[in-house]
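Student: Curious how this folds, go ahead:
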Amino acid sequence: MEMPPRHRRRRDQIVRSWIGQWLIYLVLWFVFTGTVSWAELAFAVFCAAIAATAGEIVWSEPLARFTGDLHHVAEAWRLPKYMLVDTWTVLVVLAKHLTGREEAPSLFRAVQFRVGRQDNEHDATRRALAVTYTSMTPNSVVVGIDHERGLMLLHQIAVAPVQRMTRNLGALP
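Tutor: Have a look, this model is predicted:
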């Protein structure tokens, strides 16, 4: 498929981008492994090249655009609190389950959700943020969004109300 001229990148831009990504991945390799040896260097060079090539392939295609409102993105400020509270909730449920005092009340829920139009990039971005942010918290994982029924399908370890962040992104109480 031929890309419109405004999306085409020049060869030198692609090469600079690939080299930049390769260097970043190479440095990250050594930061994460914490070892330096010739064998490690050879393997890191190879793996960084694969990662940079994959990155260029992904970035070369205009698959999706991010067109969200800043206030939707800003809902991420709530994540640290939700992560702490949900981690505690899951640990309490786990302790009760392991000691035999109470089984984990794991459940699936269907929550009303303002889906919006499927072909609207703004609505798609809002849905993606709702799924991502909600699934980052330990107690809730979004299984999917049912566009026809206007539902967000969630799995929760412990019964909990829908988070304010998720409601601000389209879930209805």
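Student: who's in contact with Trp22?
Tutor: Residues in contact with Trp22 (Cβ atoms under 8 Å, 6 or more residues apart in numbering) are 48-49, 51-52. Bear in mind the C-beta positions are built from the backbone N, C-alpha and C, glycine included.
Student: swap the cut-off to 7 Å and go again
Tutor: 48-49, 52 (Cβ atoms under 7 Å, 6 or more residues apart in numbering).
Student: Surely it is in a strand?
Tutor: No. Read with DSSP: H, G, I helix; E, B strand; the rest coil, Trp22 is helix and lies in no strand.
Student: From Val73, how far out is it?
Tutor: 29 Å (Cβ to Cβ, to the nearest Å).
Student: filter the contacts of Trp22 to the buried ones?
Tutor: Among the contacts of Trp22, those buried by neighbour count (16 or more other Cβ atoms under 10 Å) are 48, 52.
Student: Reformat the contacts of Trp22 as TSV; add pLDDT, distance to Leu84 and secondary structure.
Tutor: Output for the contacts of Trp22, formatted as TSV (pLDDT from 0 to 100; distance: Cβ to Cβ, whole Å; DSSP: H, G, I helix; E, B strand; the rest coil):
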residue	pLDDT	distance to Leu84	secondary structure
Ala48	93	35	helix
Ala49	94	39	helix
Ala52	93	36	helix
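Student: part of a helix, is Phe108?
Tutor: No. Secondary structure assignment (three-state DSSP) places Phe108 in strand, not in a helix.
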